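Engineer: Pasting a predicted model and its sequence here:
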Amino acid sequence: MTFSLAELHPDDPHWNKRGALYVPSGQGPTVWSAGDVYTVKATGAQTNGGFGFIEATVPAGGGPIPHAHPDEDETFYILSGELEFLDGDHIFTAVAGDFIYIPRGVRHRFTNKGNHAAKMIFMYTPPGLEQIFVDHALPARPGEAPPPVADPEQITRGETLGRLMNSVILPEPS
């Protein structure tokens with residue numbers, strides 16, 4: 001007969017402690033960045049330094065310019081729509097259900113080339129970059145469109161975010 005320690009001691013405080021991070025749908029700090037809407041679902045502080053987790057809505061034409069993160073890996077999972085990804089010097093299209101892992105130091109970007117918004121989740125390991133969005137990106141307002149990416153204030157904000165994130169801005173491959 002097999003049984004677990006929890007069955008022997010179901011009232012042991014060890015088995016009853018709480019520790020889940022629960023962020024309901026539509027909740028979490030929401031910001032505009034690179035024309036996209038990012039909702040931060042978990043920060044490194046909330047995951048004990050495990051990871052930072054973001055839900056993104058990328059409108060048609062949205063997405064960041066090519067860049068690399070020297071100190072963080074970035075992982076993406078496409079929920080709906082399709083996004084064109086740059087991986088070093090290679091371009092591919094990711095669709096709903098696709099998983100993309102970008103190791104630190106690799107040039108990448110994603111762009112929504114479609115006519116409809118795409119949704120994805122992405123995370124940073126180690127965490128930290130998600131907190132920079134929370135602290136320094138422009139808070140999104142429900143029902144409002146993001147400001148134009150080419151707006152001088154948004155260009156300055158994007159440059160500041162890139163500097164704070166220690167991102168290396170890179171050109172498109174030739």
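Structural biologist: Thanks, I have the structure now. Everything quoted here is computed from the prediction, not taken from an experiment.
Engineer: Show residues contacting the longest helix that the chain contains.
Structural biologist: The longest helix of the chain (DSSP state H) is helix 152-164. Contact with helix 152-164 is made by 33-34, 67, 132-133, 136-138, 147-149, 167, 169, as judged by CB atoms under 8 Å, 6 or more residues apart in numbering. C-beta here means a position set from N, CA and C on the backbone, and glycine is covered the same way.
Engineer: Please enumerate the strands of the protein.
Structural biologist: Assigned by DSSP state E, the chain shows strands spanning 30-33, 36-42, 52-58, 67-68, 73-80, 82-87, 90-95, 99-102, 108-111, 118-125, 138-139, 168-169.
Engineer: re earlier: how far away from the center of its chain is the longest helix of the chain?
Structural biologist: The chain centre lies 17 Å from the centre of helix 152-164; the measure is CA atoms, centre = their mean, to the nearest Å.
Engineer: try stretch 65-74
Structural biologist: Relative to the centre of its chain, stretch 65-74 is centred 12 Å away, using CA atoms, centre = their mean.
Engineer: tell me which residues of it are tucked away?
Structural biologist: For stretch 65-74, burial by neighbour count (16 or more other CB atoms under 10 Å) applies to 65, 66, 67, 68, 69, 72, 73, 74.
Engineer: Turn these into CSV, including pLDDT and distance to residue 115.
Structural biologist: Formatted as CSV, those follow (pLDDT from 0 to 100; distance: CB to CB, whole Å):
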residue, pLDDT, distance to residue 115
65, 92, 21
66, 95, 23
67, 95, 25
68, 97, 29
69, 97, 30
72, 98, 31
73, 98, 31
74, 98, 26
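Engineer: For those residues, give me CSV that also has distance to residue 89.
Structural biologist: Formatted as CSV, these follow (distance: CB to CB, whole Å):
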residue, distance to residue 89
65, 16
66, 10
67, 15
68, 13
69, 18
72, 21
73, 19
74, 18
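Engineer: which two from these end up farthest apart in space?
Structural biologist: Spatially, the most separated pair among the buried residues of stretch 65-74 is 65 and 73, at 19.4 Å (CB to CB).
Engineer: quick one on the thing from earlier: adding distance to residue 16 as columns, could you present the strands of the chain in TSV?
Structural biologist: Output for those, formatted as TSV (distance: least, CB to CB, whole Å):
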stretch	distance to residue 16
strand 30-33	34
strand 36-42	23
strand 52-58	26
strand 67-68	45
strand 73-80	32
strand 82-87	43
strand 90-95	42
strand 99-102	35
strand 108-111	42
strand 118-125	29
strand 138-139	38
strand 168-169	47
